[in-house]
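Participant: below are the sequence and a predicted model; questions follow.
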Amino acid sequence: MAAKCATRSGFSTSMSSSSPSILNANSVADRRRSARLQSFTRKTTRRVVTGTDASLVGVLQPRLSVVVVVALLALTGRLTAGINSTRARRPAAASPNVTVTVLSNNRYNAKCLDGSPPGYYFRPGFGHGLSSWHIHLPPGGWCSTLASCADRSATFLGSSRADLQKENPYRNASYGYMGILSAGPFINRAFRNWNLVIPMYCDGGGFWGTAGRTRVNDSYAIYLDGWNTLKAVLQDVMDTRGMAAASRVLLSGQSAGAQTVLTLCERMTDYAPNAKPIKCLMDSGAFADSNDRLGQPFFQNMARDLVSLHKFVGESKCSQGYPPDQQWRCFFPQYALPFLPRSLPLFIVNSLFDYRAQMLGNQLSPTNRTYSVRCIAELLRILPNITVQSLVASSPRQLVLYLTGKQVGKECSNSEKLAVLQAGQKVGKFVQQVRNRGKSSGAFLPVGMAHCVTAVPYWNQLKVDRVTMADAVVAWYIQKL
């Protein structure tokens with residue numbers, strides 16, 4: 001099962017054996033391959049960002065644009081705050097040594113869906129990154145029914161069994177680690193030598209479940225124990241890997257993992273008490289509580305089923321802030337964010353029209369995903385000058401009426417256009433919420449439809465206002481804003 005991302009132009013990349021390996025800066029062949037990749041990505045990126053508002057919403061505030069550019073220029077020579085410079089000091093080789101740890105005996109007695117123990121992938125830091133830690137929560141969707149969780153338990157997304165984990169992209173050090181996870185200096189100059197921990201996502205509930213052993217039928221039971229699996233991993237990393245002495249921490253997540261970032265962010269001090277700073281990055285986790293093309297709350301209904309089945313963690317401030325029948329709201333960042341202390345730095349990476357988060361029906365269906373891509377791509381063609389600000393300030397219904405009057409848009413109906421625009425508007429409003437938290441938080445929000453963009457080869461090529469996503473993330477982390 002591959003984690004797949006697509007741009008608004010239809011270009012996509014997936015984690016497979018044919019994907020580019022980690023680049024070695026000392027290899028001529030790798031330099032040539034990197035040049036080809038960059039050339040291709042620049043062409044794609046121009047199509048991705050066409051029609052954007054030429055600003056980083058929440059990061060490049062108008063009065064700070066020049067400051068950020070100057071700060072990013074400074075980064076070309078050295079990175080401040082202890083983050084290493086690949087130009088100033090470059091180790092002989094990167095550290096691609098990834099090990100797998102399975103926690104057969106853990107204090108929480110935590111289990112994956114199939115009853116196997118939890119585990120994690122670990123790549124040790126080196127050089128200036130020895131005391132720096134990057135915890136990454138992977139994508140993988142959810143299971144919201146007993147039947148779907150039982151099916152999932154027979155895959156690497158529901159088990160730590162070695163024969164199933166062979167299919168896990170993170171099992172392969174060459175193609176599972178791209179973008180912000182890469183150890184290559186061309187791709188990831190800032191975080192490449194940090195200690196990297198990737199928990200196995202094997203519970204189907206976004207690491208939130210506390211229901212424990214649950215019977216599917218008379219002969220089979222599953223374990224909905226995501227919160228304990230995550231705590232078991234972090235406890236082991238703290239006790240045996242040295243994270244208790246971490247000087248700085250980056251907590252990141254993608255898609256399903258990104259939503260858990262909000263829950264875990266305020267608790268990371270329990271596992272890295274000396275780290276300053278601890279900062280949190282969400283990639284493609286801004287799912288909107290919006291109706292689908294039939295006027296039905298598809299994701300809300302799924303969120304209700306998830307909470308009911310997995311019994312979402314009651315330790316979070318969000319769960320404690322809502323009555324039991326309203327705890328599904330914690331699935332949506334727009335409702336969970338107010339419970340996060342404003343002092344915690346947060347960065348959002350999200351496409352305004354993320355095709356996996358759009359309300360065009362069951363997005364677990366490949367047919368619907370393909371349909372969503374066509375519909376969103378058409379909207380972006382016929383509204384080439386739409387911006388984040390203009391969408392947030394406008395009426396999606398009026399936009400649909402405008403499109404109808406122009407007699408444009410054959411790929412999707414008016415109700416489908418309305419669903420796309422309303423969901424995009426809610427994503428924009430969520431990013432505004434983040435912006436209002438102050439300068440310690442921000443976002444990178446291209447007007448496109450890609451999903452999961454920080455752990456892909458072109459993460460340092462995608463630009464808004466001539467600033468790459470990679471440079472924006474680094475500038476936010478070292479507070480050069």
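Facilitator: Good, I have the coordinates. Numbering: from 1, shown residues only.
Participant: what are the ranges of the strands in the protein?
Facilitator: Secondary structure of the chain (DSSP state E): strands located at 4-6, 12-14, 99-102, 119-123, 132-137, 195-199, 212-217, 220-224, 248-254, 278-283, 346-349, 442-444, 463-464, 467-468.
Participant: which one of those strands lies nearest to residue 312?
Facilitator: strand 220-224 (10.0 Å; Cβ to Cβ). Every residue, glycine included, has its C-beta placed from N, CA and C.
Participant: can you tell me the centre-most residue of the protein?
Facilitator: Nearest residue to the geometric centre of the chain (Cα atoms, centre = their mean): residue 254, 2.0 Å.
Participant: thinking that residue is in contact with residue 459, fair?
Facilitator: No - using Cβ atoms under 8 Å, residue 254 is not in contact with residue 459, being 11.4 Å away.
Participant: partners of the residue nearest to the centre of the chain in the sheet?
Facilitator: residue 283 (DSSP bridges).
Participant: contacting residues for it?
Facilitator: Neighbouring residues of residue 254 by Cβ atoms under 8 Å, 6 or more residues apart in numbering: 3, 136-139, 283-285, 452, 454-455.
Participant: again with residue 125
Facilitator: 95, 131-133, 193-196.
Participant: cool, residue 417 as well?
Facilitator: 375, 379, 399-400, 403, 409.
Participant: which one is residue 332 nearest to, not counting chain neighbours?
Facilitator: residue 289 (4.7 Å; Cβ to Cβ, 6 or more residues apart in numbering).
Participant: tell me how many other residues surround that neighbour.
Facilitator: The local packing of residue 289 (other Cβ atoms under 10 Å) involves 19 other residues.
Participant: look up how far residue 326 lies from it.
Facilitator: In this view, residue 289 and residue 326 are 12 Å apart by Cβ to Cβ, to the nearest Å.
Participant: one step back: just the strands of the chain: most buried one?
Facilitator: strand 442-444 (a mean of 29; mean count of other Cβ atoms under 10 Å).
Participant: I'd like the average pLDDT over that strand.
Facilitator: The average pLDDT within strand 442-444 is 92.
Participant: wouldn't residue 318 be in contact with residue 329 here?
Facilitator: Yes - counting by Cβ under 8 Å, residue 318 sits close enough to residue 329 to count as a contact (7.5 Å).
Participant: isn't residue 249 right next to residue 276, touching?
Facilitator: No - with contact defined as Cβ under 8 Å, residue 249 does not reach residue 276; the gap is 9.0 Å.
Participant: I'd say residue 464 and residue 443 touch.
Facilitator: No - in this structure, residue 464 is not within contact of residue 443 by Cβ under 8 Å, at 10.3 Å.
Participant: residue 126: neighbouring residues, count only.
Facilitator: 18.
Participant: next one: it relative to residue 176, how far apart?
Facilitator: 19 Å.
Participant: what about residue 466, neighbour count?
Facilitator: Residue 466 has 10 neighbouring residues, counting by other Cβ under 10 Å.
Participant: sorry, that was for residue 262
Facilitator: With other Cβ under 10 Å as criterion, residue 262 counts 24.
Participant: likewise residue 414?
Facilitator: Neighbour number of residue 414 under other Cβ under 10 Å is 14.
Participant: cool, residue 157 as well?
Facilitator: Look at residue 157: counted by other Cβ under 10 Å, it has 26 neighbours.
Participant: that one against residue 139, yeah?
Facilitator: No - in this structure residue 157 lies outside contact range of residue 139 using Cβ under 8 Å: 9.8 Å.
Participant: which neighbours do those two have in common?
Facilitator: With Cβ under 8 Å, 6+ apart as the test, residue 157 and residue 139 both reach residue 201.
Participant: pLDDT weak spots in the stretch 101-250 of the chain?
Facilitator: Residue ranges of the stretch 101-250 of the chain with pLDDT under 70: 173-175.
Participant: ranges for the helices of it?
Facilitator: Using DSSP state H, counting those that start in this stretch, the helices of the stretch 101-250 of the chain run over residues 146-152, 162-165, 226-240.
Participant: do you know which of those helices lies nearest residue 343?
Facilitator: helix 226-240 (21.1 Å).
Participant: contacts for that closest one, please.
Facilitator: Here helix 226-240 has contacts from 101, 103, 106-112, 118-120, 122, 133, 135, 137, 197, 199-200, 202-210, 243-244, 260, 264, 270-272, 310, 313, 315, using Cβ under 8 Å, 6+ apart.
Participant: now list the buried members of those residues.
Facilitator: Using 16 or more other Cβ atoms under 10 Å as the burial test, the contacts of helix 226-240 include 101, 103, 106, 108, 110-112, 118-120, 122, 133, 135, 137, 197, 199-200, 202-210, 243, 260, 264, 271-272, 310, 313 as buried.
Participant: ok, now how distant is the residue nearest to the centre of the chain from residue 167?
Facilitator: Counting by Cβ to Cβ - residue 254 and residue 167 are separated by 18 Å.
Participant: kindly report the same for residue 194.
Facilitator: Plainly put, residue 194 is 26 Å away from residue 167 if you go by Cβ to Cβ.
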